[in-house]
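*Asks:* Show me how the following folds:
(3 chains)
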Amino acid sequence: MLKKSRLLALLLMLCLVFPLVAQGQVESAPAKEIELRWASIWVGNDSKAPAVEALVAEYNAKNAGKIKVVIEPQPDYNAYEQKVRTSLAAGQAPADIFTIKFNPTTATFYQSNLLMDFAKVMDPSWKQTFDAGSLEQSTVDGMLKSLPMETAILPIWYNMDAFKKVGITELPTTLEGMFAAFDKLKAAGITPTSQMTGDTNAWTSMIWFSHFAVSLGGTNVWEKSFTDPAFVEAAKLTKRMITEYSTSDAVGLGAGGSGGHFLAGRTAVFSNGPWYAGRADLAATPFFNSIKIAGLPPAGSTKDFMISRLQANICAASSKDKAREAAIVDFLKFLTSAPSISKLAETSGAMFAIKTDYRPTKPLQKQFYDVAAAAKTTAFDLEAALGSEATLEFAQQLGALALGRISAEEFCALVDRKIER
Amino acid sequence: MQAVGTHRSRVWTARVLFLLPVSVLFFFFFIYPFLFTIYTSFTSWRGIGSMKFNGLANYAKLLGDPTFRKALGNNVVWALSQGFIQVPLACLIAMILVRKPRFWRSLRTIYYLPNVISTVALAMVWVAIYNVEGPLNAILGALFGAEKRNWLGNPDTALFAVIFQTVIYIGYFMIILLASAMNIPRSLYEAAEIDGASTFQQELNITLPMLRGSLITTMTLAMAYGMRHFESTFLMTGGGPAYATTTMGIDLYLKMDALRYSEASTAGVFLILMGTVVITVLRKIFGSSDPMSEMAQ
Amino acid sequence: MKHTYTPAQIIANFLKWILLLSLLAVALLPLLWLLVSSLRTNLELQTNPFGWPEKMQWVNYTKALAMASLPRLLLNSAVVAASSVILNSAVTAMASFILARERFRGRDVLYTLFTAGVLVPVISFMVPYFSLITKSGLYNTLLALVLVYTAVNIPVSIFLVTAFMKSIPRELEEASVIDGCGFFKRFSVIILPLSRSGLVTAATFCFIYSWNEFLMAMLLTSSIESRTIQLGIKFFTSQFITDYASMYAAVIITIIPSIVGYVFLHDKIIGGLTAGGVKG
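*Replies:* Presented below is the predicted three-dimensional model:
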């Protein structure tokens, strides 16, 4: 018995020593080299990952001995957001450089002095490279604590092969025309649209709702109370989409399921951002070259708009160390320079808030750029405009609305309660 | 008498030393965070910015929140189902396995297997199983001609569906009860066999009384897990639809997502309080778990 | 023992096997589904989640194995899990002994305090844990994870082990004291061996928890040297896309050590115990 306990104690010692030794990166670099840690979500499977890696390598090579950027991979997006929130709440920045999805909820991060205010360090030439609208959207109370980087439009995707099967070659231009087309699809055994109420934001249906709401209430509709008739009507239309023109599992369905239906050809109309265009499994579908992206036929008086949002903004940790601050600014200038962004756009199909000469050649990605350029005005989607709490309530109650448990008015009232003004 | 004095102080030193490591760890990882949580529950804190004291305002808001009340109700359902369905079922399996039917070793291993697999993977599997076009509806349709249901998307069936999924984790409670059951002396059964007692009588009069302490322990544990439940439901439904499956744990998590840290702390304090209350009440009804009083020998 | 089967016994036997086999299906089928799905393509999984692979996609396994630093992540997970188990078992055994076998004022209060921890949802402690770990300089170390996992499992372990220790007859202990056993001998020679099944059970739970834990590992580490395998699996997800097929392959790869470990350890230790039986 004694021997066993001795052995156990020894094993215990060993097991505790190993982790003590296996620390994370210890700074053994020469004292002068500034190490910047970037908690990056553009790693692993993300389409921007290879370009980001190459850019960081390029920058480190150019600044060897002075500045070194180290990527800390953050593969799981939800856990990453959790980490950002938790570290800020615990009083420290998650890393020297990190990204956020900019919306009213994350905009409260600006109140923290843990973030660097770019308004103070931005010179006019750097400012020029950014799209002015995006910069303005990213400014709160005169503070610019995040730089707009990745943007997105959220159009509707039409599988024209499916429409051809029922004899339709042009996209419907009126709402009635759209319903008629959907009825034809249904008669031919094709479910018209992908819808979903699951996940934390009912993504696909949320986009549909946003298109309806903006068309009915104008691009500033999000400033109105959610009980406004525009929202009520949009809710009724979205409910109709879910109950009459979608799959039987739409209620409670997640983004994976919604996309899966479209990829499998089970639904004819979908909605998502530019990142989806670069997917290998999408390219493998037989109808890939017949996908057309556009808006919806107008439900109201506002037309010729596109739903767009700031997809990723870059933040930096504020630092009292002037050298460190300068290093961060220098790297971010490099990262947001036109050549860098062109490289990112080329290999990923993502869209950016920085003006470049890059134009995609692949047909679907090209459509995204064309549609974005052709839109006369843009408006936010619900999540980008109202933040995560209201969006969660939207998603939770959308299922109840679709099942007829609550009326559209009740639905809007419930969501309105969660909006902070 | 002096010998007794030094002996007593030595015993006390030993006791303190033996309790020290646990106490230190417990202090840093439970007491300190709990004090932090209690403190923040009396403030208005959004993660960023300062903590302003605001008294019982958060608690009032919490109790007035219909979503939280629903969550509390769901947790009670969880606790009851875990304690009074899951554990008795696990006990039944343990009692069957302890008699070593064929393949009992393999069965024991396989029953525990799902606990070894990450909850994320199993949640994904069951979301697919519960899908309208999925295998569950297919089997029910084939066997009973039942109509296809959207198990997780319908507020009426969602809670039942997520609770039912935990049957895959029955091995967790089973091995606790199995370990206790295996400690019951075989001689008792042999004596009963000689007296002509049937298997059923043996189980009723020997196994169950001997397992009483272990059962109460396991049921208490299961109920505690029920009160704090978060993961598998969140992975499968995110708390929906229309908050039908939300638990206090999920509500807490969602509040943190929205940066409402103070309110999340309030929910946390309340969760622990409610858990204590529910478990104390249920234990009072079913007697203490002190097996010292059970020892017949 | 003679078996004379009455009709009631036959029905009972039949029902018993229905129960056992249904549970077997419920436990095994998800695992089999994971295995089958890991050999399909993502498109196949999207279009028909419950089908059979068109072609065996062994490439998913090569992708999973080629995943950055898989061996290092597996090693880290193994070390963290093993250390947590050892530390947790050691501190629990010591504390439970006092709580179960010693009588003193405040014992029950202490016991209730420790086991009340079972009610705590660890997610609510994210901010204080983050604060604690970063302020003590343990951010991004395996030691941080070991301490967190050990501590988090203390309530459950104490709950279980105390219950097992309480069930040991007083007479055995009293007999040993008469024989001259002191405090330590009572602990190591009498109580510890007899509560082995409780300790092993608690250790198993701790191991499984530490092996599968993801949230704290993601929160408290940032580089490969201190990350665990569950984070590695997430490499197949990104903000928008999940490569489910390769992820399932990675999941299968990570399950195998836990299954092997569990089958080997549990079978040996629990199996060995029942051979002798407890002297009545």
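*Asks:* and the gap between A:Gly218 and A:Phe352?
*Replies:* A:Gly218 sits 27 Å away from A:Phe352, taking Cβ to Cβ, to the nearest Å as the criterion. Quick note: C-beta positions are derived from backbone N, CA and C, even for glycine.
*Asks:* Ignore what I typed, I meant A:Ser258.
*Replies:* Distance from A:Ser258 to A:Phe352, by Cβ to Cβ: 26 Å.
*Asks:* thought A:Ala268 was touching A:Gly189?
*Replies:* No. A:Ala268 is beyond contact range of A:Gly189, at 11.1 Å (criterion: Cβ atoms under 8 Å).
*Asks:* Residue 50: neighbouring residues, count only.
*Replies:* Went with chain A since none was named. A:Pro50 has 15 neighbours, counted by other Cβ atoms under 10 Å in any protein chain shown.
*Asks:* Switch to chain C, please.
*Replies:* Neighbours around C:Phe50, by other Cβ under 10 Å: 15.
*Asks:* and the closest residue to it other than its chain neighbours, how many neighbours?
*Replies:* Nearest non-adjacent residue to C:Phe50, counting by Cβ to Cβ, 6 or more residues apart in numbering or on different chains: B:Pro135, 5.7 Å away. Residues lying near B:Pro135 (other Cβ under 10 Å) number 15.
*Asks:* Looking at A:Ala268 and A:Gly189, which is more packed in?
*Replies:* A:Ala268 (28 against 8).
*Asks:* near chain B at all, the strand or helix carrying C:Ser157?
*Replies:* Assessed by DSSP states H and E, C:Ser157 sits inside helix C:154-166. Yes. For helix C:154-166, a contact with chain B is found by Cβ under 8 Å from any Cβ of the partner chain, at C:154-156, C:158-160, C:163-164, C:166.
*Asks:* closest to C:Ser222 among the residues you listed?
*Replies:* C:Ser222 lies nearest to C:Ile154 out of these, by Cβ to Cβ, at 26.4 Å.
*Asks:* Under a three-state scheme, what state does the residue in the stretch 151-280 of chain C positioned nearest to chain B occupy?
*Replies:* Residue of the stretch 151-280 of chain C nearest chain B, by Cβ to the nearest Cβ: C:Ala151 (3.6 Å). Per DSSP: H, G, I helix; E, B strand; the rest coil, the secondary structure class of C:Ala151 is helix.
*Asks:* That one contacts B:Ser23, doesn't it?
*Replies:* No. With contact defined as Cβ under 8 Å, C:Ala151 does not count as touching B:Ser23 (11.1 Å).
*Asks:* Just want to know which of these two has more residues nearby.
*Replies:* Using other Cβ under 10 Å, the more surrounded residue of C:Ala151 and B:Ser23 is C:Ala151, with 24 against 18.
*Asks:* So for that one, what pLDDT did the model give?
*Replies:* Looking at C:Ala151, its pLDDT reads 96.
*Asks:* give the contact list for residue 211.
*Replies:* Going with chain A. A:156, A:295-296, A:299, A:307 (Cβ atoms under 8 Å, 6 or more residues apart in numbering or on different chains).
*Asks:* if you could check chain C rather than the one you did, that'd help
*Replies:* By Cβ under 8 Å, 6+ apart, the residues touching C:Trp211 are B:116, C:77, C:81, C:229-230, C:254, C:257-258.
*Asks:* I'd like these laid out as JSON lines, including distance to A:Asp117.
*Replies:* Shown next, in JSON lines, are the contacts of C:Trp211 (distance: Cβ to Cβ, whole Å):
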{"residue": "B:Val116", "distance to A:Asp117": "49"}
{"residue": "C:Ser77", "distance to A:Asp117": "41"}
{"residue": "C:Ala81", "distance to A:Asp117": "44"}
{"residue": "C:Ile229", "distance to A:Asp117": "40"}
{"residue": "C:Gln230", "distance to A:Asp117": "37"}
{"residue": "C:Thr254", "distance to A:Asp117": "43"}
{"residue": "C:Pro257", "distance to A:Asp117": "48"}
{"residue": "C:Ser258", "distance to A:Asp117": "48"}
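*Asks:* Out of these, list just those in helices.
*Replies:* B:116, C:77, C:81, C:229-230, C:254, C:257-258 (DSSP state H).
*Asks:* So among those residues, which ones count as buried?
*Replies:* Neighbour-count burial (16 or more other Cβ atoms under 10 Å in any protein chain shown) is assigned, among the ones in helices among the contacts of C:Trp211, to B:116, C:77, C:81, C:229-230, C:254, C:257-258.
*Asks:* can you pull out the strands in chain A?
*Replies:* With DSSP state E applied, chain A shows strands at A:34-40, A:67-73, A:97-100, A:147-153, A:156-159, A:191-193, A:267-271, A:291-294, A:305-316, A:351-352, A:377-379, listed in chain order.
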